[in-house]
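based on what follows, work out the 3D shape:
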Amino acid sequence: MAGVHKAGAIVMSEKEPSKIALLYRSKQNDWTFPKGHVEEGESALETTVREIAEETGLPVSDAGGELPPLEYDHSSGNRVVMHMFLLRSDDDSRLRPEFDGDRVVWVDIDEVADKLSYDNLRDYFSSVIVQVRRAADVA
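Predicted coordinates for the structure are as follows:
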């Protein structure tokens, strides 16, 4: 099974750190964290910053460092390793979706798991919630 490397982040609001940016992708009809494929020559963090800017319009900075990776088997048969980071928006006013029909919204930390479309993302968020709450100072 081939391996695919992606990178993404849990992005906290600059103004309200207890709010997390979630992306609705109309083409896939799903809610997810901003993420994308690691391109040749890019680090996982560089990919994450680029993808967040593309998909949400947000400039970001470190809020808690690298989180454990999320690994899963894609329906294509590929094993995916998604490198994840905990980041904070540097300018919430820049929030905007990349594509027509997509949406980017701030979701309260307690509602994130319910909004995510995939079990593996919900489980992952639950596994790092303590770190996210600590960074958001909403323990």
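
beta-bridge partners for the closest residue to Ala63 other than its chain neighbours, please?
Spatially, and ignoring its direct neighbours in sequence, Ala63 is nearest to Arg88 (3.8 Å; C-beta to C-beta, 6 or more residues apart in numbering). For glycine as for every other residue, the C-beta is placed from the backbone atoms N, C-alpha and C. Beta bridges link Arg88 to Met12, Ser61 when assigned by DSSP bridges.

give me the neighbour count for Arg88.
20 (other C-beta atoms under 10 Å).

that one and Val4, how far apart?
Using C-beta to C-beta, to the nearest Å, Arg88 is found at 27 Å from Val4.

confirm that Asp110 sits in a helix.
No - read with DSSP: H, G, I helix; E, B strand; the rest coil, Asp110 is coil and lies in no helix.

from Phe125, how far out is it?
To Phe125, Asp110 is 11 Å away according to C-beta to C-beta.

compare these two (neighbour count), which wins?
Using other C-beta under 10 Å as the criterion, Asp110 and Phe125 rank with Phe125 on top: 20 against 11.

the more buried one reaches Ala9, doesn't it?
No - counting by C-beta atoms under 8 Å, Phe125 does not reach Ala9; the two are 11.9 Å apart.

next one: phi and psi at Ala9?
For Ala9, the backbone dihedrals (degrees, to the nearest 10) come out as phi -150, psi 160.
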